[in-house]
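Peer 1: no sequence on hand, only this structure:
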């Protein structure tokens with residue numbers, strides 16, 4: 001019983017929240033790639049990519065978008081935050097993917113997976 005209580009405390013204490021992802025916007029973590037588009041367009045594409053990759057809800061501002069990914073039998077879900085920043089070279093798109101629970105081993109969308117899907121979306125839109 002004592003071990004189960006300790007495990008419960010670790011699971012709850014290690015949980016990531018949407019507000020925790022909002023705080024990530026000021027961190028230096030994540031994977032950054034530069035794209036030739038505006039910040040607004042990057043946010044629009046980010047939401048489309050996350051929706052196509054299975055996000056079930058979003059938190060949007062003019063500075064970032066955070067997607068919440070599904071809960072299923074093997075994962076309590078994850079978050080993916082996209083924090084674009086315009087630069088003279090284009091738009092730096094920083095992506096941070098976090099598990100909702102510290103004991104989970106899966107994320108709904110990885111940082112690399114996001115960038116791959118984002119690049120494909122950008123290519124398909126510029127080909128039109």
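Peer 2: Cool, got the structure. Keep in mind the model is a prediction, meaning the values are calculated, not measured.
Peer 1: only C-alpha atoms for contact and neighbour calcs from this point on.
Peer 2: OK.
Peer 1: and the spatially most central residue of the chain, how close does it get to residue 126?
Peer 2: Residue closest to the mean C-alpha point of the chain, counted by Cα atoms, centre = their mean, is residue 80 at 1.3 Å. Going from residue 80 to residue 126 by Cα to Cα, to the nearest Å gives 25 Å.
Peer 1: picking up where we left off before, what helix or strand is the residue nearest to the centre of the chain on?
Peer 2: Following DSSP states H and E, one finds residue 80 within strand 78-87.
Peer 1: pretty sure the residue nearest to the centre of the chain sits against residue 96.
Peer 2: Yes - counting by Cα atoms under 8 Å, residue 96 is a contact partner of residue 80 at 5.7 Å.
Peer 1: so after the one helix or strand residue 98 maps to, what's the next helix or strand?
Peer 2: For residue 98, the element it lies in under DSSP H and E is strand 90-99. Downstream of strand 90-99, the first helix or strand assigned by DSSP H and E is helix 111-126.
Peer 1: same for that following helix, what does it pack against?
Peer 2: Taking 3 or more Cα pairs under 8 Å, 6 or more residues apart in numbering; DSSP states H and E as contact, the helices and strands that helix 111-126 lies on are strand 31-35, helix 39-52, strand 90-99.
Peer 1: rerun that using 7 Å as the cut-off
Peer 2: When contacts are defined as 3 or more Cα pairs under 7 Å, 6 or more residues apart in numbering; DSSP states H and E, helix 111-126 sits against helix 39-52, strand 90-99.
Peer 1: could you find the closest non-adjacent residue to the residue nearest to the centre of the chain?
Peer 2: Spatially, and ignoring its direct neighbours in sequence, residue 80 is nearest to residue 97 (4.3 Å; Cα to Cα, 6 or more residues apart in numbering).
Peer 1: for residue 35, see how far away that neighbour is.
Peer 2: The spacing between residue 97 and residue 35, counted by Cα to Cα, is 19 Å.
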